[in-house]
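# Structure, please.
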Amino acid sequence: MTKITLFILVCLTTFIVNAQTTVFQENFETGNSATQSVENCNDGDSDFFIRTNGSDISSNYEVSDKEGDYFFAAQDLDGDCGNITQTLLFDDINISGYTSLALSLLAAEDQADDGLGDWDPEDMVSIAVDYDNSGTFTKVLQFAADNSASNRTPGLDADFDGTNDGTQNLTSAFAEFTAPLGTGTVMDVLITFTLTSGEEDIAIDDFRIIDGVPPSVGFDTITTNLEETDATQSISIPVTLLGYSGSNVSLSVSVDGSSTADAGDYTLNTSTLTFTGNGTQNILVDIHDDADTGELESLVLVMSETTSTGSTLLKDTHTIFIQDDDFLVINEVLTRPDSDANGDGTSSSSEDEFIEIINNSGSSIDISNYEIHDGAEMRHVFLSTTIPAGGSIVIFGGGTPTGISGLVQTASTGSFALNNGGDTVTLYNGVGDILLQHVFGATPNLSDGSFARNPDISGAFVFHTTIATNPVKYSPGLFNADGTTLSTKENRISQDLLIYQTKYNTLKVKGLEDSNANLKMYSVLGKEIASESLLNNKEIDLTNLSTGIYFVRIQDNNGIYLKKIFLRGK
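Numbering: from 1, shown residues only. Predicted coordinates:
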């Protein structure tokens, strides 16, 4: 039997130590004490959900290093088994009086002939527990492949996001996987198998509940994805300790040097944690708005024990990914119109007011239920609205806008009523967070025109009539700098970028319409590990990268494209 120590990010750990007690064990040698959702489903070949020694299923099914002769195996549950999801339930395991519990099992997978793996996005096997018949099951272990691609290798999914973390794959040799547990009087363990057709399978053996392991503590998750707003956001990062042994456990919390967020972008409000028993505490962090545009920044938090209890540090690293909110940009505002800005043939001091917003990203953005407010009240709600990548939307005070490029709407409340003497324009997302906010001064003269960014998107607001390359009063749906249509950037909406690892261990990007593109790659900890030009379809060398999840950021003249990918080290 091969026992493999698991890596969860940078943490090397196993739970198994000397002087442990086996509280419960099912090795399938003499039967199966679990309740099966379907009994002994087996077509004698490729569809099965059964305790087996391998002799009554496909002769091509091969797993090694099992404990004893028998194990439990599941494959292609959509066939004779009748449903792609089946379960094993271990009911009312007595755990009374035990304080340092962990779950252990052996797992393996009959590997595909092509070496790539058989699992599809919907394939998943999870193990969840319920203490004292509360009716609530909590996942403690999960196996998955790739939630966006078919025929991939399954492995440990420590953050339960449906994607193999790359820390430990399932192989044809049984290996040990473990997870810390809480305490109680009785415990139910539910193993849920979701395996579709195409030889998707898993085998498990020597399922155990053990006591006598050291306390375990770690972040509940390994990542947080956050969208930056114009206001400070306070977030809580939970940390949980299990298996308390009677000695207090103290931890230090710090920001790792691999973080790409600037010091002024955040405030770490929690530098220490002390546990006096099992439970969950929170690390508090404030995320501030910054001046950068379109950046994907990372804030990497690390923990270490400052006491000497020998506690096992599980997920001791947590990365906060901060997506800059400036993908949405207010590009032009007309507060004091003196002519027919909306093109409906009628000049109106209220209906011709407008606000222009640009999506400066490489992906479409759904702004349904977002709201625009002025300094007094809510003026507009976006209903079923998606701005295409690189596209724009212009919202007029009213009228019947005609001949305006891009998306066009009119204020849902009937008017904007922007103050000529100065006003505040605020964009809220659907849950009330401030995404954009700009304070505009007075428009003393009708001839001044709109407030317009120069250059577009990233520049400061100036009166449109002062832009030397395009000195007009306003340009809704057009670039301020030259009057060309903003919809020329909408070609990115149909652009389907393909990013993949070649057999030569390089990263290939297909589908770029602009050859003048730059690529950056980040580790799951947020560290920049590559920065390359993609000129002339250049491929990126992956020789020195290990198996795992990476983030790719591509920027060209059409905007920014972000993607999470899984790479195999070779």
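
# Please count neighbours and contacts with C-alpha atoms only from this point.
OK.

# Could you double-check that Leu567 sits in contact with Gln501?
Yes: under the contact definition of Cα atoms under 8 Å, Leu567 touches Gln501, with a separation of 6.9 Å.

# check contacts around Ile565.
Remark: with contacts taken as Cα atoms under 8 Å, 6 or more residues apart in numbering, Ile565 is in contact with 549-552.

# try 6 Å
With contacts defined as Cα atoms under 6 Å, 6 or more residues apart in numbering, the neighbours of Ile565 are 549-550.

# again, but for Ser252
Ser252 neighbours (Cα under 6 Å, 6+ apart): 271-272, 303-304.

# Which of the residues you listed are buried? Put it as a PyMOL command.
Applied in PyMOL, the following selects the buried portion of the contacts of Ser252 according to 16 or more other Cα atoms under 10 Å:
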select buried, resi 303+304
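
# Count the neighbours of Asn537 for me.
Burial of Asn537, expressed as a neighbour count using other Cα atoms under 10 Å, amounts to 14.

# What about it? Give its phi and psi, please.
Dihedral pair for Asn537: phi 60, psi 30, per degrees, to the nearest 10.

# With Thr317 instead?
phi -130, psi 130.

# Equivalent analysis for Thr466, please.
The phi/psi pair for Thr466 (degrees, to the nearest 10) reads phi -90, psi 0.

# For Asn536, which three-state class applies?
When classified by DSSP: H, G, I helix; E, B strand; the rest coil, Asn536 comes out as helix.

# give me the number of residues near it?
Asn536 sits with 9 neighbouring residues when counted by other Cα under 10 Å.

# Among the contacts of Ser252, which one lies nearest to Gly422?
Proximity of the contacts of Ser252 to Gly422 (Cα to Cα) peaks at Ser271, which lies at 43.1 Å.

# for that closest one, what are its contacts?
For Ser271, the contact set (Cα under 6 Å, 6+ apart) comprises 252-253.

# do you know how far it is from Val302?
Ser271 sits 10 Å away from Val302 when distances are taken as Cα to Cα, to the nearest Å.

# Name the residues contacting each of those two.
With contacts taken as Cα under 6 Å, 6+ apart, Ser271 and Val302 have Val253 as neighbours in common.

# on that earlier part again, redo the contacts of Ser252 as JSON lines? Include distance to Gly310 and secondary structure.
Output for those, formatted as JSON lines (distance: Cα to Cα, whole Å; DSSP: H, G, I helix; E, B strand; the rest coil):
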{"residue": "Ser271", "distance to Gly310": "20", "secondary structure": "coil"}
{"residue": "Thr272", "distance to Gly310": "17", "secondary structure": "strand"}
{"residue": "Met303", "distance to Gly310": "14", "secondary structure": "strand"}
{"residue": "Ser304", "distance to Gly310": "11", "secondary structure": "strand"}
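
# what's the residue closest to the geometric middle of this protein?
With the centre of the chain defined as its mean C-alpha position, the nearest residue by Cα atoms, centre = their mean is Asn225, 5.8 Å away.

# Not counting its neighbours along the chain, what's nearest it?
Phe321 (4.9 Å; Cα to Cα, 6 or more residues apart in numbering).

# Then Thr192?
Thr87 (4.6 Å).

# In terms of helices and strands, where is the one you found?
Counting by DSSP states H and E, the secondary-structure element that holds Thr87 is strand 85-94.

# Indicate each strand paired with that strand and its parallel or antiparallel sense.
According to DSSP bridges, strand 85-94 has the following sheet partners: strand 35-36 (antiparallel), strand 186-194 (antiparallel).

# wait, Pro401 sits on Thr346?
No: in this structure, Pro401 is not within contact of Thr346 by Cα atoms under 6 Å, at 10.1 Å.

# and those two? which has more neighbours close in?
It is Pro401, of Pro401 and Thr346, that has more neighbours when counted by other Cα under 10 Å, with 21 against 14.

# Would you map the helices across the stretch 451-570 of the chain?
Under the criterion DSSP state H, counting those that start in this stretch, the stretch 451-570 of the chain contains no helices.

# now the strands for it?
Under the criterion DSSP state E, counting those that start in this stretch, the stretch 451-570 of the chain carries strands at the ranges 451-454, 460-463, 498-501, 506-510, 518-523, 528-533, 540-541, 548-556, 559-567.

# Dump those to a markdown table, plus mean pLDDT.
Below are the strands of the stretch 451-570 of the chain laid out as a markdown table (pLDDT from 0 to 100):
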| stretch | mean pLDDT |
| --- | --- |
| strand 451-454 | 89 |
| strand 460-463 | 87 |
| strand 498-501 | 75 |
| strand 506-510 | 81 |
| strand 518-523 | 78 |
| strand 528-533 | 81 |
| strand 540-541 | 86 |
| strand 548-556 | 75 |
| strand 559-567 | 67 |
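
# so which of those gets nearest Asp316?
When the strands of the stretch 451-570 of the chain are compared for distance to Asp316 using Cα to Cα, the nearest one is strand 518-523, at 16.0 Å.

# got the angle between that closest one and strand 506-510?
Per axes from the mean of the first three to the mean of the last three Cα atoms, to 10 degrees, the angle that strand 518-523 makes with strand 506-510 is 130 degrees.

# Going by neighbour count, which residues of strand 518-523 are buried?
Using 16+ other Cα under 10 Å as the burial criterion, the residues of strand 518-523 that qualify are 518-523.

# just to revisit the earlier point, could you dump the strands paired with strand 85-94 to TSV with mean pLDDT and distance to Asn544?
Listed next are the strands paired with strand 85-94 as TSV, based on pLDDT from 0 to 100; distance: least, Cα to Cα, whole Å:
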stretch	mean pLDDT	distance to Asn544
strand 35-36	94	45
strand 186-194	96	35
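
# tell me the most buried of the ones you listed?
Mean neighbours per residue, mean count of other Cα atoms under 10 Å, is largest over those for strand 186-194, with a mean of 20.

# any idea which helix or strand comes after it?
Past strand 186-194, heading to the C-terminal end, the next element that is a helix or strand (DSSP H and E) is strand 201-211.

# In its sheet, which strands sit next to that next one, and in what direction?
The pairing partners recorded for strand 201-211 under DSSP bridges are strand 21-26 (antiparallel), strand 71-75 (antiparallel), strand 101-108 (antiparallel).
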